[in-house]
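> Build me a model:
(2 chains)
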Number of protein chains: 2
Amino acid sequence: MKKNLLLSALFLSSMGFSALAQEKVDQAAMQKIREEGLNHSQVMETAFYLTDVAGPRLSGSPGLKRAQTWAVDKLKSWGFSNVKLEPWGKFGKGWEVQKNYAAITVPYYHAIIAVPKAWTPGTNGPIKGDVVLLKADTVTDLAQYKGKLAGKIVIYDTQATLASGTQPDFKRYTDEQLTEMANATAQPNGQRPGSGGNPQMATMMAARRRAMAMRGAINTFLKGENVALVLSQARGTDGTVFTTNGASYADTAKAVAPELETSGEDYLRIVRLLKAGQKVQMEADVKTQFFTDDENGYNVIAEIPGTDKKLKDQVVMLGGHFDSWHGATGATDNAAGSAVMIEALRILKASGLKPKRTIRLALWSSEEQGLFGSRNYVANHYGNVKDGYKPEQAKVSAYYNLDNGTGKIRGVYLQGNEAIGPIFKAWLEPLKDLGATTVTIRNTGSTDHVSFDGVGIPGFQFIQDSMDYGTRTHHSNQDTYDRLVADDLKEAATVVAAFVYNSSERPDMLPRKEAPKPAGTN
Amino acid sequence: MKKNLLLSALFLSSMGFSALAQEKVDQAAMQKIREEGLNHSQVMETAFYLTDVAGPRLSGSPGLKRAQTWAVDKLKSWGFSNVKLEPWGKFGKGWEVQKNYAAITVPYYHAIIAVPKAWTPGTNGPIKGDVVLLKADTVTDLAQYKGKLAGKIVIYDTQATLASGTQPDFKRYTDEQLTEMANATAQPNGQRPGSGGNPQMATMMAARRRAMAMRGAINTFLKGENVALVLSQARGTDGTVFTTNGASYADTAKAVAPELETSGEDYLRIVRLLKAGQKVQMEADVKTQFFTDDENGYNVIAEIPGTDKKLKDQVVMLGGHFDSWHGATGATDNAAGSAVMIEALRILKASGLKPKRTIRLALWSSEEQGLFGSRNYVANHYGNVKDGYKPEQAKVSAYYNLDNGTGKIRGVYLQGNEAIGPIFKAWLEPLKDLGATTVTIRNTGSTDHVSFDGVGIPGFQFIQDSMDYGTRTHHSNQDTYDRLVADDLKEAATVVAAFVYNSSERPDMLPRKEAPKPAGTN
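Numbering: from 1, shown residues only, chains lettered A, B, ... in the order given. As a prediction, this is how the structure comes out:
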């Protein structure tokens, strides 16, 4: 397989110009899209409502419902068709923070920066107690704490120190990096070099599974001991706290103790004091609320119906996940992508263009827990490998996704689909001045286009400048509207609108990779 | 004056080698100091007690008293002489934070990152109320709010946005920067180029005075209106909050409303919501405590008595300020400098050296409010320009200060004292491998050596790598032990011990600049 792919990569690059010449782009339409997207943008206003106004949008939470309601109302007011909240199946419990206070009180007062782990309980009112350092590398080590932790605040021992900011938080792709991506060659099974079948990776994953199992055993022990509160160290420095979940959203989730993900500085101060034999006391008042009135998950759907009699049953999709983590307002993850996709739809309508194929926006939920919104939408509408594909699977030309932060679109991942290379190159031509230049054969993962790719529907994520996604915003308490870069989002919406429009107009649907074969077929 | 200085600078650099040759350095003593300072350091343990254990060390606060008591006990336990807490005069009220909680409750719950401004009152128990956006460029603009703010939480309007971290937080001097400093020539009155008599600077200072006066008028108005709480935007991003004071420590200070210096992200979110017409409510519970039982300020003093009959009445001083701001534990400002100076004293004793002159450590208080500890110490012991100098003024060879963060010592500012250039160059020779290489004729200000320089006693601050002092730590809620760089502090203590020892041993006291003339003299 590898040899064939290499050969066709060589063939493609030698035929580059003629392929570009074959793919027709409606330059007048491109101009209309650019005019609306770059000079009449509403993307920042949309982003404001998704972040500052709606608040955190954890799956199943009131914040997500506020944002979904706003989006449905807004999309209806803009005159889109088939606007709806579409249930995709059962998710689990909703959850939100309703009070979050914790402070050191001995040896002196200091309020700490910390965020409750998602789906953990609160403290059931104000608590006060000694902080105890838990040193346990194995389950056996826990025995020494048996009967000693009731009402205590427990902190895990660590050897960690905090990194210095010797690199800028904020990064864009360099020309060299983009060239390297553009020149990459296809890998067997679409893998990136070194990303799979790697013994080192397998060892790391095994170590991680052991650590997770150990943490699960400790959680059960601490809950059984009736501790008042658990502190775990958050990734991040300088007041930035990256958040995770401390329990499952499932009805069947095991009970756990209240747990605060604590800023590195506050966490390590407490650990150092305890290790030096200093007494540390804390007070806290954490209230979290679970919601079980409706445990279904929902996606927001809206359409521009196709206008071509023969092509309107075919669909071009665009979307991004609408849910976020809970420490801030999920601005870069993924209000940015959601606002861009909403804006792309708005641009297409406001430009007065009449797309031939039907264009469908989907704003997914529960991406953060495992791409559930998109996976279930795909299963419900297009089938799956296990049970076979539905006829609609054959009618989706492409799905375009945005979920890598606020950064400018610099191009697109082909997801191993070489035949699309010349087409996307032609589409990027009139967008190159916006910095969108690069087509790479490479895959990218970890977001909702994977759900489409998995059933043979061409699904794409754009290449985006990483900005401060890894250093400051991705799942953190600092992922706020302030991090959104207006020009980058305007340009992204313009690029996406152009790709979607081009997909809707070309005579044929986009070429597909060979689809994963449903069970029982050859 | 400038021409003479330039000529002598040229002269100095041409005579470089012979000057080095003239200044004798006891290499065996240097080796002892290096062995103790680099291989048996206790500087990080000292820093741990000054930060994590003592807590914030705001002037007059219980935290500063804890640190002072610890230092006196520790210095006594190490066998130093004349160890004492020496009062320098009246400071004013002590103050500390005893509870700090604030959160947005409408449109959704979100606990904010904020720090009470120093010397502001608390909320007198939990409060809850609407947040009101105050738009006032002039005192006249305040009239519209008359009678409308009682019980409200007030936030100031702003056009600010947050900067992106396109530069690393963390910086060290480059070789080029150090060379540029070494090659600098003396300026009239010892000023740095462009730092004085600059019309742009004068305009900026006038604008700042107007803004301060306006803020004072607003504070009085808000207090009169009986607002529940004021939010002001802190400098800083990503959860980092730089702190200031919101009222004076003086007995005569005007009453003000409770005020929280609020993280940029939380502040701007509230402002954006209010500007868009969204209702915002908050709850808060802030308790601060004033202390008036002892309003005196104190410095910590300790000595190694001189051993040479003729020279022991002469003194070499070293020190740094011991007080900090209140948002964290003042690790880089200035537990670092204090721990290094304590360590330098310890190194000298532990090395078994017997300095000829008396060596005196001073850990100042109230530097942050105007170098009060050092200025008053100097006035009490050495006199001042207004009332004339005391005989002891003539017996202090030099004062060495450290107060520019955790960064490695890269050399020393001559503070315009050219005659010392060749001496310090000779002293740096055996320390160059530690990165301490540069002697610059330049001044640096804003810390306690200025108090000595002002009465004609040679006072010096070392050149230090800035690290993340400006970006993250200086006066911030993130100035914690985590920011201390152990190797840099060990090396700094070694360099300081060497300078102090060399000062104590040379036949003559260090050459002086012409002293500022006391009033009534010619």
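> Identify the residue spatially nearest to the residue in the stretch 101-250 of chain A positioned nearest to chain B, adjacent ones excluded.
Relative to chain B, the nearest point of the stretch 101-250 of chain A is residue A:239 (1.9 Å; CB to the nearest CB). C-beta: built from backbone N, CA, C; applies to glycine. Distances taken as CB to CB, 6 or more residues apart in numbering or on different chains place residue B:239 nearest to residue A:239, at 1.9 Å, with adjacent residues excluded.
> my read is that neighbour is in a strand, agree?
No. According to DSSP: H, G, I helix; E, B strand; the rest coil, residue B:239 belongs to no strand; its state is coil.
> and the residue of the stretch 101-250 of chain A closest to chain B, how many neighbours?
As a burial measure, the neighbour count of residue A:239 was computed by other CB atoms under 10 Å in any protein chain shown and equals 26.
> What of residue A:300?
With neighbours defined by other CB under 10 Å, the count for residue A:300 comes to 26.
> Around chain B, which positions in the stretch 251-400 of chain A sit nearby?
A:263, A:264, A:265, A:268, A:269, A:272, A:273, A:276, A:278, A:328, A:329 (CB under 8 Å from any CB of the partner chain).
> if you set the cut-off to 7 Å instead, what comes out?
Taking CB under 7 Å from any CB of the partner chain as the contact definition, the stretch 251-400 of chain A meets chain B at A:264, A:265, A:268, A:269, A:272, A:273, A:276, A:278.
> could those residues go into a markdown table alongside pLDDT, neighbour count and secondary structure?
As requested, those are exported to a markdown table (pLDDT from 0 to 100; neighbours: other CB atoms under 10 Å in any protein chain shown; DSSP: H, G, I helix; E, B strand; the rest coil):
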| residue | pLDDT | neighbour count | secondary structure |
| --- | --- | --- | --- |
| A:264 | 98 | 26 | helix |
| A:265 | 98 | 26 | helix |
| A:268 | 98 | 20 | helix |
| A:269 | 98 | 26 | helix |
| A:272 | 98 | 18 | helix |
| A:273 | 98 | 20 | helix |
| A:276 | 98 | 12 | coil |
| A:278 | 98 | 15 | coil |
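> quick revisit: who are the neighbours in contact with the residue nearest to residue A:239?
Each residue near residue B:239 by CB atoms under 7 Å, 6 or more residues apart in numbering or on different chains is listed here: A:113, A:238, A:239, A:240, A:477, A:478, B:113, B:263.
> do the same with residue A:78
For residue A:78, the set of contacting residues under the criterion of CB under 7 Å, 6+ apart consists of A:346, A:349.
> any idea how far it is from residue A:182?
In this structure, residue A:78 and residue A:182 are separated by 36 Å, where distance is defined by CB to CB, to the nearest Å.
> How about residue A:383?
Between residue A:383 and residue A:182 the computed distance is 34 Å (CB to CB).
> With residue A:122 instead?
The spacing between residue A:122 and residue A:182, counted by CB to CB, is 51 Å.
> Please apply the same query to residue A:211.
The gap separating residue A:211 from residue A:182 is 38 Å, by CB to CB.
> more crowded one of those two?
Per other CB under 10 Å, whichever of residue A:211 and residue A:182 has more neighbours is residue A:182, with 18 against 10.
> That one is in what secondary structure piece?
Residue A:182 is part of helix A:175-183, with elements assigned from DSSP states H and E.
> ranges for the strands of the stretch 301-450 of chain A?
Listed in chain order, the strands of the stretch 301-450 of chain A (DSSP state E, counting those that start in this stretch) span A:315-321, A:358-364, A:383-384, A:388-389, A:396-401, A:409-413, A:438-440.
> Let me have the ones you listed in CSV, adding mean pLDDT, mean neighbour count and distance to residue B:367 as columns.
Putting the strands of the stretch 301-450 of chain A into CSV (pLDDT from 0 to 100; neighbours: other CB atoms under 10 Å in any protein chain shown; distance: least, CB to CB, whole Å) gives the following:
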stretch, mean pLDDT, mean neighbour count, distance to residue B:367
strand A:315-321, 98, 27, 51
strand A:358-364, 98, 26, 55
strand A:383-384, 95, 19, 68
strand A:388-389, 95, 16, 73
strand A:396-401, 98, 26, 55
strand A:409-413, 97, 24, 49
strand A:438-440, 97, 23, 54
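> Turn those strands into TSV, including distance to residue B:391.
Converted to TSV, the strands of the stretch 301-450 of chain A look like this (distance: least, CB to CB, whole Å):
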stretch	distance to residue B:391
strand A:315-321	77
strand A:358-364	81
strand A:383-384	94
strand A:388-389	99
strand A:396-401	81
strand A:409-413	73
strand A:438-440	77
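> Looking at those, which is nearest to residue A:87?
Distances from residue A:87 to each of the strands of the stretch 301-450 of chain A were compared using CB to CB; the shortest belongs to strand A:358-364, at 12.6 Å.
> on that earlier part again, now do the residue of the stretch 101-250 of chain A closest to chain B, the pLDDT please.
Looking at residue A:239, its pLDDT stands at 97.
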